[in-house]
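J.: One predicted model, sequence on top.
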Amino acid sequence: MLVYTLGIILVGVTEMFSEKPIRKKKISYMEYFTSENSVVRKIWGSPDSVLFVFAGSAAEFALNKAVDWLYFTGRLPADPLGRLFSTVTYARKIIFSPLDKANHYIDQITAIHQSVEQNRGAQIPDWAYRDVLFMLIWYSIHAYEVLYRQLTIEEKEEVFDVFYRVGIRMHLKDLPQTYQQWHHAHQQHLENDTVCSQFTTDLYRQYRKHLGPIRFFLLKRVQSLLSPARIKQMLKLEGPGVVRPLLTVYKASRRLGIGNLLIESLLPLKYIAQVRQIRI
């Protein structure tokens, strides 16, 4: 009886170890242009911070020495808000896409600008592209800090790195390679690449026309909160004034869950759908 019992146990053990091992399914991790927990996603996934990036860039766009390139196609003066929203849309596509798609979008941007260059018979200078990247870095950081919290140095470096990699993909030359180097380069660009011109005057006329007097008033006050000192000086932007208490009210409304409604109330109707697409 004992021998019989031991035999059964041995057979069971043998069968147990002779079973084919269960194969674990391979998990494929998709590589994104920005990591899924990146602060850049938080910035560009929040409609309010994206709109503040948009507002600040609108000031610097108007002063850039290369803004005549945007006038060449006629799209900027005809619809300045739409033109800036298209820049925002491409930036978001890059930030939230898998690496291969993000690179495809960057290549599309390059191809679009090459087509404009061919039509005009001239080449857009590298510094003009760098200016746009520098704007996106500056206003991404400052918009989020005004609306939410101060970023750590590591988070600021992360913002820089994302747009640095965009520039590398576009084959831009003389890009600063660290966040610290970018600070110095950004100041140089502001001093060398900005000027008040007839384009500045016309763009602000268009901003007022498309926004209306109240929204235009608020736009300039927001710009005074976000813009570098040189930009504020050149545009003679007044202090933020009423925007500071409005921001306090807005932050309270955000906690109550009605912040998005307040944001939408400040926009022309034709852009509300685009803003709603921003939310993550």
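T.: That came through fine.
J.: Show me the strands in the stretch 51-200 of the chain, by range?
T.: In the stretch 51-200 of the chain, no strands are defined using DSSP state E, counting those that start in this stretch.
J.: Skipping adjacent residues, who's closest to residue 59 in space?
T.: Counting by Cβ to Cβ, 6 or more residues apart in numbering, residue 223 is the residue found nearest to residue 59 once chain neighbours are left out, at 4.3 Å. Just so you know, the C-beta spots here come from the backbone N, C-alpha and C atoms, and that holds for glycine as well.
J.: I'd like the distance between the residue nearest to residue 186 when sequence neighbours are not counted and residue 264.
T.: In space, and not counting its chain neighbours, residue 186 is closest to residue 134: 4.9 Å by Cβ to Cβ, 6+ apart. In this view, residue 134 and residue 264 are 30 Å apart by Cβ to Cβ, to the nearest Å.
J.: out of those two, which sits in the more crowded spot?
T.: For residue 134 versus residue 264, neighbours defined as other Cβ atoms under 10 Å are more numerous around residue 134 (25 against 15).
J.: which ones are touching that one?
T.: Shown in contact with residue 134 (Cβ atoms under 8 Å, 6 or more residues apart in numbering): 182, 185, 186, 189.
J.: wait, which of those residues is closest to residue 204?
T.: Taking Cβ to Cβ as the measure, residue 204 lies nearest residue 189 of those, at 21.2 Å.
J.: Can you list the buried residues in the one helix or strand residue 231 maps to?
T.: Using DSSP states H and E, residue 231 sits within helix 229-235. By 16 or more other Cβ atoms under 10 Å, the buried positions in helix 229-235 come out as 231, 232, 234, 235.
J.: Now do it, average pLDDT.
T.: Averaged over helix 229-235, pLDDT sits at 96.
J.: swap in stretch 103-120?
T.: Mean predicted lDDT for stretch 103-120 stands at 89.
J.: Return the distance of that stretch from the chain's centre.
T.: 19 Å (Cα atoms, centre = their mean, to the nearest Å).
J.: Also stretch 64-81?
T.: In terms of Cα atoms, centre = their mean, the centre of stretch 64-81 is set 20 Å apart from its chain centre.
J.: repeat for stretch 31-42
T.: 12 Å.
J.: from the chain's centre, how far out does whatever helix or strand comes next after the helix holding residue 231 sit?
T.: Remark: after helix 229-235, the chain's next helix or strand is helix 243-255, criterion DSSP H and E. Relative to the mean C-alpha coordinate of its chain, helix 243-255 is positioned 22 Å out (Cα atoms, centre = their mean).
J.: name the helices or strands packed onto helix 243-255?
T.: On a contact count with 3 or more Cβ pairs under 8 Å, 6 or more residues apart in numbering; DSSP states H and E, helix 243-255 meets helix 126-147, helix 213-226, helix 259-265.
J.: hang on, the earlier thing: ok, and what's touching the helix holding residue 231?
T.: With Cβ under 8 Å, 6+ apart as the criterion, helix 229-235 contacts 59-60, 62-63, 190-191, 194, 196, 200, 223-224, 227, 237.
J.: For residue 32, state which of these is nearest.
T.: Residue 32 has its nearest neighbour among the contacts of helix 229-235 in residue 60, at 28.3 Å by Cβ to Cβ.
J.: Can you select the buried ones from the contacts of helix 229-235 in ChimeraX?
T.: In ChimeraX syntax, the buried subset of the contacts of helix 229-235 is picked out as below (16+ other Cβ under 10 Å):
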select :59,60,62,63,190,194,200,223,224,227,237
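J.: Save the contacts of helix 229-235 as CSV, and put in distance to residue 101 too.
T.: CSV is the format used below for the contacts of helix 229-235 (distance: Cβ to Cβ, whole Å):
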residue, distance to residue 101
59, 31
60, 28
62, 32
63, 33
190, 33
191, 37
194, 34
196, 39
200, 36
223, 33
224, 37
227, 33
237, 38
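J.: can you pull the buried residues of stretch 241-252?
T.: For stretch 241-252, burial by neighbour count (16+ other Cβ under 10 Å) applies to 243, 246, 247, 250.
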